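In: Sequence plus predicted model, see below.
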Amino acid sequence: MTGKRVRGAQESIHRRNLIYQIIYPYTKTFFYHYYGKLEIRGTENIPRKAPVIFAPNHQNALMDALIVLFSAPGDVVFLARADIFSKRFLAFFLNSLKILPVFRQRDGASELGKNVDIFDISVNVLKNKHYLCIMPEGNHGDQRKLRTIVKGIFRIAFQAQEDAGSDPFVKIVPVGLDFGDYVKQNASLFINYGKPIEVSEYWEQYQENNARAINALKARLADELRPVMIDIQNEAHYEAIYALKGIYNNTMRAELGIQGSKLSDRFRADKELIARLDAIAAGDPPDRLAPLMQKVLQYTEELKKLNIRDWVVAQRGYSMARTFWRSLYLLLLAPFFLYGLINNAIGYFLPVRLVRNIKDLQFHASVKA
């Protein structure tokens, strides 16, 4: 740890403090303005006044934590990578925001022992019936798929379940996060809370064999996460499948009889398309997808060369009359655009400048927001 002051802040981390009270509403306001279209589903699955571990798929760095924080019905304590706690003041500040450090192998073998204290504090958060959020994949990735789940989340869950034994107590809630774009502002965000998993169901097995119970709960969480997130596991054709879901979504919704165009409607269509493509890939003969996927990649490459979007092709371009009216419309609104640009230039261009040297694109949205 980094001193008595930080240690004290960590032990009482589930309580709100002055720093948290001041920053929370300010950050929440900017967060909701960052995304252009946002939809939350499944909040009725979140137990109230119960020890809950939120387990979201991890694709967009610190934004994933903020998403759970601002969409869950209560305060949430988070576990984050330890390297951002390097300075004592920064560590105290992050603890004030209900964030705890987790040390990894890359932090050094001597640092791993500190996780014992962190796990004890996390267990205490759950025993006091508060919310905890742990990224089960350990680190973030830049693809829409579920990666290998690490075991730390289950060790904490079983440790917190100990006093209750086989009686229901700790729950793990899978959270699916689907981003329209990882980096761009005004993109869409679909938040999908799944049904809670009762850790008590695995308690007897845990008593008999710890490792076997952890692996069983790990497999269960993976099975519950996949339906609430976009999960493209086909590595050979990942790029083509990802592109095709955007191109074919309208057609797939029509085919499935989905009347709406909400993010949840689009999500259903994407899941069905991916399932059908997976079924074709698993069929006989193998890799029947290859010719189609090659055409999709060729098509998207041509779109990039021409610098146009798929919807332009789908609409077969614009008529002269429509082009004229749209141009007139843009011309009339130009003064309002210039006024907005001048008044918001600093807020828009400064974050863009700040992220120029950040190579990991998944951190760009965290800095901009």
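Out: That came through, no problem.
In: Need the residues that contact stretch 123-137.
Out: Stretch 123-137 is contacted by residues 11, 13-14, 49-58, 64-65, 68-69, 72, 74-79, 122, 146-150, 152-153, 156-157, 159-160, 163, 170, 221, 225 when judged by Cβ atoms under 8 Å, 6 or more residues apart in numbering. Using the backbone N, CA and C atoms, a C-beta is placed for each residue, glycine as well.
In: Name the residues of that stretch that come out as buried.
Out: 123-127, 129-137 (16 or more other Cβ atoms under 10 Å).
In: from these, which ones fall inside helices?
Out: Among the buried residues of stretch 123-137, DSSP state H puts 123-127 in helices.
In: re the thing from before, need the buried residues of stretch 123-137 in a markdown table with pLDDT, can you?
Out: Shown next, in a markdown table, are these (pLDDT from 0 to 100):
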| residue | pLDDT |
| --- | --- |
| Val123 | 94 |
| Asn124 | 92 |
| Val125 | 93 |
| Leu126 | 95 |
| Lys127 | 94 |
| Lys129 | 93 |
| His130 | 92 |
| Tyr131 | 96 |
| Leu132 | 96 |
| Cys133 | 95 |
| Ile134 | 94 |
| Met135 | 92 |
| Pro136 | 94 |
| Glu137 | 93 |
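In: The contacts of stretch 123-137 in helices, which ones?
Out: Using DSSP H, those in helices are 11, 64-65, 68-69, 122, 152-153, 156-157, 159-160, 221, 225.
In: which one of those is nearest Asn344?
Out: Leu69 (25.5 Å; Cβ to Cβ).
In: Does the closest one touch Val77 like I think?
Out: No - between Leu69 and Val77 there is no contact under Cβ atoms under 8 Å: 9.8 Å.
In: show me the contacts for Ala297.
Out: In this structure residue 297 is Leu, not Ala. 239-240, 243.
In: Kindly report the same for Phe169.
Out: 50-51, 160-161, 163, 199-200.
In: Identify the farthest-apart pair in those.
Out: Ala50 and Asp163, at 14.3 Å, using Cβ to Cβ across the contacts of Phe169.
In: Comparing the two, which shows the higher neighbour count?
Out: Neighbour totals were compared for Ala50 and Asp163, and Ala50 leads with 15 against 10 (other Cβ atoms under 10 Å).
In: where's the more buried one relative to Ala157, distance?
Out: 13 Å (Cβ to Cβ, to the nearest Å).
In: Buried among the contacts of Leu297? Make that a ChimeraX selection.
Out: Selection of buried members from the contacts of Leu297 for ChimeraX, criterion 16+ other Cβ under 10 Å:
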select :240,243
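In: Which of the contacts of Leu297 sits closest to Ile342?
Out: Among the contacts of Leu297, and counting by Cβ to Cβ, the member closest to Ile342 is Ala243, at 37.0 Å.
In: follow-up on the earlier one: would you mind giving the ones in helices among the contacts of stretch 123-137 as a markdown table with neighbour count and distance to Tyr339 added?
Out: Output for the ones in helices among the contacts of stretch 123-137, formatted as a markdown table (neighbours: other Cβ atoms under 10 Å; distance: Cβ to Cβ, whole Å):
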| residue | neighbour count | distance to Tyr339 |
| --- | --- | --- |
| Glu11 | 15 | 51 |
| Asp64 | 23 | 35 |
| Ala65 | 23 | 35 |
| Val68 | 21 | 36 |
| Leu69 | 23 | 34 |
| Ser122 | 29 | 49 |
| Gly152 | 19 | 51 |
| Ile153 | 26 | 49 |
| Ile156 | 24 | 52 |
| Ala157 | 28 | 53 |
| Gln159 | 16 | 57 |
| Ala160 | 23 | 54 |
| Leu221 | 23 | 50 |
| Leu225 | 22 | 45 |
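In: just the residues you listed now: which is nearest Lys28?
Out: Using Cβ to Cβ, Leu69 comes nearest to Lys28 of those, at 8.1 Å.
In: In the stretch 251-369 of the chain, where is pLDDT below threshold?
Out: The model of the stretch 251-369 of the chain has pLDDT under 70 over residues 316-318, 347-369.
In: mind listing the helices for it?
Out: Using DSSP state H, counting those that start in this stretch, the helices assigned to the stretch 251-369 of the chain run over residues 263-281, 290-306, 310-314, 320-354, 364-368.
In: Deepest in the core, which of those is it.
Out: Mean neighbours per residue, mean count of other Cβ atoms under 10 Å, is largest over the helices of the stretch 251-369 of the chain for helix 364-368, with a mean of 20.
In: quick revisit: could I get the ones in helices among the buried residues of stretch 123-137 as CSV with distance to Gly257?
Out: Output for those, formatted as CSV (distance: Cβ to Cβ, whole Å):
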residue, distance to Gly257
Val123, 47
Asn124, 50
Val125, 45
Leu126, 43
Lys127, 47
